[in-house]
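Participant: Have a look at this prediction, sequence included:
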Amino acid sequence: MAESKAPRPLPLHLANAASLWGSASSAARLFAQDSLIIHDSLQDDFAALKQLVGDGDAGWHAFQTDVSAKAQQYAADFLHGMRSYMEHPYKRPATQAQAVRQVGAAELLDYGGIGQPVFLIPSLINPYYILDLKPGRSLAAYLKNAGFRVFLVNWNEPEEERGFGLSDYILKCLAPMLEYIQAVVGVERVATVGYCMGGTLAAGLAAVRPKQIGRLGLLASPWDFNTAEPMAGRAFLPLMARLLDILPDSMPVPIDLLQVFFTSLDPTLTDRKFRRFSAMDTESPAAEFFVALEHWANSGAPLSQMAARDCLQKWYQDNQPVKGQWAIRDQSVRPQDFDFPTLVAAPTGDRLVPASSALAFSQGMQDCTVLEPNAGHVGMVVGSKAEAGLWQPLADWLQA
Amino acid sequence: MASHDKKQDLSIIFLELWSKNLQAFGRDQQEMTPERLEEMLQQMVQHTLQQSGSGRKGDTSDG
């Protein structure tokens, strides 16, 4: 899977920035004329700014000139940041793991060691290596160093999986991998931990293979799709449903389409990120981390159309998991029935999966450990505070 | 010079608010219902009428 060297879809990000800064000068003129249409939530802030600019025509003229100049500078900074990113020499180091089992296009990576096995399941969207980003930013390496034998799924580009729904991924990919781990390590039960929708899939796996799971951890995994907090995917649901209807049957959902969804959560985020990057020393560790993370965020395989439909219909629309109605074939996925320890990590700053959505999994559970790291969806697993907020408590829980 | 710097700061604040303004309307659009759409349209019509009304007050042209 080739890593992207630009935010995707690039035209969307360029158009967003051009629209934002290209319209600022006109907006300032309308603001001066009291004609700018202002969102209710920002009326007070704009009114306070108006007071600060004052009454005189000269002040307003200077203000508009400054806005125009500053907007041009922001646009130039954005493009400079984008160019610096695209020219950055960083390449992801080769993984230290070996592919030991191939199931369809997916492969199981083995990090080696002699400890108890931990089966890590990443999301189907974006590459697996967010759990092994680079030295020092790797949950997989941390757990290995803590004494576990880590196995991690690399989904790869779907091939025969193009027709897979979520149940197929669980029964035809994850279940055989789980059996392989059992056999090769020689254990009856395997601790299984999933990240993002990988955690929701792990719960599905636990429902169909309850006697093979030793512990189950869900990291920032959605469970309640109808929380009071804004649920990003819900807003995108009608558009995504229409787009799925016009895709040819066998065509997986292109990664760019999924990236449009992520962009829609915060359309100006890319502009802010790349303007910040523009001011960074490109040889600094912080810049290298930025590039590593962006490469990951802008890469990924297309998603099988059936899996996308399952997510939309069974998860976002019908909210089956939290209602106990989600079933893998005929087996209901009911966490209350699990007889092994569980853990939920719900980062408090998660804008993709609200904490309340992830925490819903723990409701009514007898033996569920809850972690609430002060981090975002991605920062929780690779950020500078990931070790203290997630890796170490997770390792302690696995050890207990 | 100090005065000019202050105006530049205000331009930064404006651009920040301008960005947030677009985001806020974008969020509304994502959560749009027919009722909310009608309410927004009414607000915009009201706003436009007010603006054109205040424009006419000062309009002394003969056209």
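Facilitator: Received, thanks.

Participant: Can you name every helix or strand that the lowest-mean-pLDDT helix or strand in chain A contacts?
Facilitator: Ranked by mean pLDDT, DSSP states H and E, the weakest helix or strand in chain A is helix A:232-246, scoring a mean of 75. Where contact means 3 or more Cβ pairs under 8 Å, 6 or more residues apart in numbering or on different chains; DSSP states H and E, helix A:232-246 is packed against helix A:255-265, helix A:305-310. Placement of C-beta: from N, CA and C, glycine included.

Participant: starting at the chain centroid, how far to it?
Facilitator: Computed by Cα atoms, centre = their mean, to the nearest Å, the separation of helix A:232-246 from the middle of its chain amounts to 18 Å.

Participant: returning to what we had before: between the helices and strands packed on helix A:232-246, which one is nearest to chain B?
Facilitator: helix A:255-265 (6.9 Å; Cβ to the nearest Cβ).

Participant: and that closest one, what's its mean pLDDT?
Facilitator: Across helix A:255-265, the average pLDDT comes to 79.

Participant: That helix: which residues count as buried?
Facilitator: A:I255, A:D256, A:L257, A:L258, A:Q259, A:V260, A:F261, A:F262, A:T263, A:S264, A:L265 (16 or more other Cβ atoms under 10 Å in any protein chain shown).

Participant: List of residues touching it?
Facilitator: For helix A:255-265, the external contacting residues (Cβ atoms under 8 Å, 6 or more residues apart in numbering or on different chains) are A:7-9, A:12-13, A:16, A:125, A:232-233, A:235-236, A:240, A:243, A:269-270, A:297-303, A:351-352, B:26, B:30.

Participant: what angle do it and helix A:232-246 make?
Facilitator: 150 degrees (axes from the mean of the first three to the mean of the last three Cα atoms, to 10 degrees).

Participant: what ranges do the strands span in the stretch 301-400 of chain A?
Facilitator: A:327-328, A:331-332, A:342-345, A:368-371 (DSSP state E, counting those that start in this stretch).

Participant: For those, state which one has the densest average packing.
Facilitator: Among the strands of the stretch 301-400 of chain A, the stretch with the highest mean neighbour count (mean count of other Cβ atoms under 10 Å in any protein chain shown) is strand A:342-345, at a mean of 25.

Participant: contact partners of it?
Facilitator: Contacts with strand A:342-345, where a contact means Cβ under 8 Å, 6+ apart, come from A:193, A:215-221, A:335, A:358-359, A:361-362, A:365, A:367-373, A:380, A:390, A:394, A:397.

Participant: mean confidence score for that strand?
Facilitator: Mean per-residue pLDDT for strand A:342-345: 98.

Participant: and what of stretch B:21-30?
Facilitator: Computed over stretch B:21-30, the mean pLDDT rounds to 77.

Participant: And it, what's buried?
Facilitator: Going by neighbour count (16+ other Cβ under 10 Å), the buried part of stretch B:21-30 is B:N21, B:L22, B:Q23, B:A24, B:G26, B:R27.

Participant: what's the fourth one in contact with, if anything?
Facilitator: By that I understand B:A24. A:H39, A:S41, A:L42.

Participant: From the residues you listed, keep the buried residues only.
Facilitator: Among these, the ones that count as buried (16+ other Cβ under 10 Å) are A:H39, A:L42.

Participant: Return the closest of the contacts of B:A24 with respect to A:K323.
Facilitator: A:S41 (33.0 Å; Cβ to Cβ).

Participant: Against B:W18, how distant is that closest one?
Facilitator: Taking Cβ to Cβ, to the nearest Å as the measure, A:S41 falls 14 Å from B:W18.

Participant: just A:A48 next, same as before
Facilitator: According to Cβ to Cβ, A:A48 and B:W18 sit 15 Å apart.

Participant: quick one on the thing from earlier: okay if I get the helices and strands packed on helix A:232-246 as JSON lines plus distance to A:L139?
Facilitator: JSON lines is the format used below for those (distance: least, Cβ to Cβ, whole Å):
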{"stretch": "helix A:255-265", "distance to A:L139": "21"}
{"stretch": "helix A:305-310", "distance to A:L139": "24"}
